[in-house]
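>>> Quick one: sequence plus predicted model below, questions after.
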Amino acid sequence: MGTRVSAEAAAIAREAQMRSEASEAARIAYVTQARTLRERAARLSRWLSSPPLSR
């Protein structure tokens, strides 16, 4: 019985680790996407505020 509990505990620990890694990857993707969108918005704003003949 001790082996079974240890195997179950190991499986739970692996699943928790995988979820943690997936959560961290999702957070990094979200932050990166937000940064990219802000940079694109800033470039568009600069372009729109420039004189039409310099575009």
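Sure thing, it's come through.

>>> Quick check, pLDDT for Arg14.
According to the prediction, Arg14 has pLDDT 97.

>>> any idea how far it lies from Glu8?
With distances defined as C-beta to C-beta, to the nearest Å, the gap from Arg14 to Glu8 amounts to 11 Å. In this view, the C-beta of every residue, glycine as well, is placed from N, C-alpha and C.

>>> Then Ala41?
Going from Ala41 to Glu8 by C-beta to C-beta gives 49 Å.

>>> Also Tyr30?
Here the distance between Tyr30 and Glu8 works out to 33 Å (C-beta to C-beta).

>>> three-state assignment of the most centrally placed residue in the chain?
By C-alpha atoms, centre = their mean, the chain has its centre lying nearest to Ala29, at 2.2 Å. Assigned with DSSP: H, G, I helix; E, B strand; the rest coil, Ala29 falls in the helix class.

>>> Against Met18, how distant is it?
16 Å.
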